[in-house]
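Engineer: have a look; sequence and predicted model below, questions after that.
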Amino acid sequence: MAGIWCALGLILELSRLDRRPWAEWTRRLAFAMIPAAAVIPMWVLPWAPAFTSSYGVLMSVWKLVSALILTGTALWGGIHFGTIWLASGTGVYAAGLFLSVATINRFEPARGAWPDEWGSFVLVLCFAALMVSRGMSMARENRRLNEDLQREVEKQTTQIQADMLPSLFPAFPERQKFDIYATMTPAKEVGGDFYDFFMVDDWHLAIVMADVSGKGVPAALFMVIGKTLIKDHTLPGVDLGEVFTQVNELLCKANKEGLFITAFKGVLDLVTGELRFVNAGHEPPFLCPARGRYAPYKTRPGFVLAGMEGMVYRADSVMLSPGDKLFQYTDGVTEATRADQELYGMERLQAVLDRSREDTPHELLPAVKADIDAFVGEAEQFDDITMLCVEFKSCMKEERGGRTHE
């Protein structure tokens, strides 16, 4: 009887194989045989004279093992194959076990075979496993749906983040006194890097490079807030230290996620060549004189933005001459990591900058990115790689009344 029921279980399984790849057929068929192997010996053993003396002990042990096998099979099958097969196949196997027990009890009632209640117990155990596996299968499906939703949200967030950054170049085709170019290569997980550049007035160019701590949608949203506040508070005649002081206070009030921003901001006077800047815990920029080499410019970094209320930031300045370039970046550049966990580092960055010191900003950034890619190889990128380069070509001329012209 058990053999018939187990054969029915196999037929049920085989009937579902025609739409599956061969490897899947084999795996499911092997899985279907496990409970059959647990049930069939219980029907065969009563006819084996060699086991007469110890029949009761052997059958008790085997029935317990069978119950465990069926329960484990139900759980594992429900998780990996779904509950449609489980509701039919495992139910048939459980019925086969119950009928085997009933057959044994009728055949040799004096050998201490399981009472009929054990068959009911095994059935309850199997169907309990069905319910548990159904719950686990639903939980797995919900987890998959949540992961798909999260990926879609991150994809849309990454697109929104990219759309907020200036990406049309040349950015100021009507202006010949400077050249600027910037790129951001997002990591697999949404980050919070951003750059910005804009004209404060006719003769002042503002540049911003920043990195929000953390990953995911909260970091991207905080990036939007930070970028907007920095630009809105950048006004002609307003000291950059005061800009960061005000922005820090506002960010601290909106910082429910406990994030912070490292940021570098500079404003270049296109008439005099003076670059006034403020640094909130960000990497130092590289400066390249017209007839020199790139070198990191040591600044006095203040505390990060949104890290603590009441912080006061102070601006500094450096004079640029025609032909000088400034290169700014986020830590995704220097902390790019290859498979052996070695970092790209400042030395490699300075070396590629030196090799490309004659390049325009539009040529320089791809050269740096190509060098990073060659170093990293196939290793996964875990942080955004963001870079900006501005070249001060020549001074604007100032006319009477404060007006300027090219």
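Structural biologist: Nice, I can see it.

Engineer: any idea of the pLDDT on Met3?
Structural biologist: Careful, residue 3 is Gly; it's not Met. Per-residue pLDDT puts Gly3 at 43.

Engineer: what is the end-to-end distance of stretch 182-201?
Structural biologist: 21 Å (Cα to Cα, to the nearest Å).

Engineer: before we move on, what about stretch 317-327?
Structural biologist: End-to-end distance (Cα to Cα), stretch 317-327: 16 Å.

Engineer: quick one: buried residues of it?
Structural biologist: Across stretch 317-327, burial judged by 16 or more other Cβ atoms under 10 Å covers Val318, Leu320, Asp324, Lys325, Leu326, Phe327. Any C-beta I mention is one placed from the backbone N, CA and C, and that applies to glycine too.

Engineer: as a markdown table, these with pLDDT, distance to Arg357 and secondary structure would be great.
Structural biologist: Output for those, formatted as a markdown table (pLDDT from 0 to 100; distance: Cβ to Cβ, whole Å; DSSP: H, G, I helix; E, B strand; the rest coil):
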| residue | pLDDT | distance to Arg357 | secondary structure |
| --- | --- | --- | --- |
| Val318 | 96 | 18 | strand |
| Leu320 | 97 | 15 | coil |
| Asp324 | 97 | 11 | strand |
| Lys325 | 98 | 8 | strand |
| Leu326 | 98 | 13 | strand |
| Phe327 | 98 | 10 | strand |
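
Engineer: residues near the nearest residue to Pro284 once chain neighbours are set aside, how many?
Structural biologist: Leaving aside its sequence neighbours, Pro284 sits nearest to Pro296 (Cβ to Cβ, 6 or more residues apart in numbering; 4.6 Å). For Pro296, the count of nearby residues is 15 (other Cβ atoms under 10 Å).

Engineer: right, and Pro296 touches Pro285 too?
Structural biologist: Yes. Using Cβ atoms under 8 Å, Pro296 makes contact with Pro285 at a distance of 7.3 Å.

Engineer: pretty sure Thr157 sits against Val217.
Structural biologist: Yes. Using Cβ under 8 Å, Thr157 makes contact with Val217 at a distance of 5.3 Å.

Engineer: anything in contact with each of the two?
Structural biologist: Residues touching both Thr157 and Val217 (Cβ atoms under 8 Å, 6 or more residues apart in numbering): Val190.

Engineer: those two: which is more packed in?
Structural biologist: Shown here are Thr157 and Val217; by other Cβ under 10 Å, Thr157 has more neighbours (20 against 17).

Engineer: nearest to Phe303, out of the buried residues of stretch 317-327: which one, please.
Structural biologist: Nearest to Phe303 among the buried residues of stretch 317-327: Val318, at 21.3 Å, using Cβ to Cβ.

Engineer: list the beta-bridge partners for the closest one.
Structural biologist: Val318 has these beta-bridge partners by DSSP bridges: Leu275.

Engineer: and it, how far is that from Thr334?
Structural biologist: 21 Å (Cβ to Cβ, to the nearest Å).

Engineer: list the contacts of the helix or strand hosting Asp179.
Structural biologist: In this assignment (DSSP states H and E), Asp179 forms part of strand 178-185. Residues outside strand 178-185 that contact it (Cβ under 8 Å, 6+ apart): 162, 165-166, 169-172, 193-195, 197, 205, 207, 268, 270, 360-362, 364-366, 369, 381, 384-393.
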